[in-house]
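Chemist: give me coordinates for this.
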Amino acid sequence: MRDYELRRGHWKNIDGDALLHLMQDVFGETKTEDKGYVVENFGALQRLYVEKLGKTHLRVDTVMNPKVAGEESQKTIRAYYDFLELATGYNAKERQKRLKKEIEKEGEAPEV
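Modeler: The predicted structure is shown next:
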């Protein structure tokens with residue numbers, strides 16, 4: 001499970017049912033579950049769960065099928081990265097940069 005920060009002001013692009021429609025556009029059939037949305041059996045993804053955490057973050061949980069290989073897994077990863085970019089407003093390079101900053105910040109926190 002991973003939390004992704006949203007680009008400032010990007011919330012309006014996924015507010016309401018917009019995130020559901022975005023997931024349907026990228027992955028096809030999407031169901032509502034608890035506080036989020038679920039996609040099942042899309043390429044190498046057995047399950048994808050996405051939940052909005054306020055106006056600043058998305059929580060994403062994935063379960064991959066390791067038996068899917070080759071071109072199908074590449075298509076799945078591409079669709080997943082495209083979805084993350086559309087949903088968060090950050091491309092892969094920007095998400096990686098933010099993750100590094102977050103890890104560094106956590107590493108500097110004093111232990112209690």
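Chemist: which residues in the protein form helices?
Modeler: Under the criterion DSSP state H, the chain contains helices at 18-27, 71-88, 92-108.
Chemist: tabulate those helices (TSV), appending mean pLDDT, distance to residue 6 and mean neighbour count.
Modeler: For every residue, glycine as well, the C-beta is placed using N, CA and C. As requested, the helices of the chain are exported to TSV (pLDDT from 0 to 100; distance: least, Cβ to Cβ, whole Å; neighbours: other Cβ atoms under 10 Å):
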stretch	mean pLDDT	distance to residue 6	mean neighbour count
helix 18-27	96	11	17
helix 71-88	95	5	16
helix 92-108	86	11	11
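Chemist: which among these is found nearest to residue 9?
Modeler: helix 71-88 (12.0 Å; Cβ to Cβ).
Chemist: before we move on, back to that, which one of the helices of the chain lies nearest to residue 8?
Modeler: helix 71-88 (11.1 Å).
Chemist: ok, residues contacting the closest one?
Modeler: Contact with helix 71-88 is made by 4-7, 10, 13-14, 19, 22-23, 26-27, 42-45, 48, 50, 58, 60, 62, 68, 90-92, 95, as judged by Cβ atoms under 8 Å, 6 or more residues apart in numbering.
Chemist: restricted to buried residues, select the residues you listed in PyMOL.
Modeler: In PyMOL, this line selects whichever of the contacts of helix 71-88 come out buried by 16 or more other Cβ atoms under 10 Å:
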select buried, resi 4+5+6+10+14+19+22+23+26+27+42+43+44+45+48+50+58+60+62+90+95
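Chemist: picking up where we left off before, tabulate the helices of the chain (CSV), appending distance to residue 54.
Modeler: Listed next are the helices of the chain as CSV, based on distance: least, Cβ to Cβ, whole Å:
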stretch, distance to residue 54
helix 18-27, 13
helix 71-88, 14
helix 92-108, 16
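Chemist: closest to residue 33 out of those helices?
Modeler: Between those, helix 18-27 lies closest to residue 33; by Cβ to Cβ that is 11.2 Å.
Chemist: quick check: residue 5 touching residue 98?
Modeler: Yes - assessed by Cβ atoms under 8 Å, residue 5 is found in contact with residue 98 at 5.8 Å.
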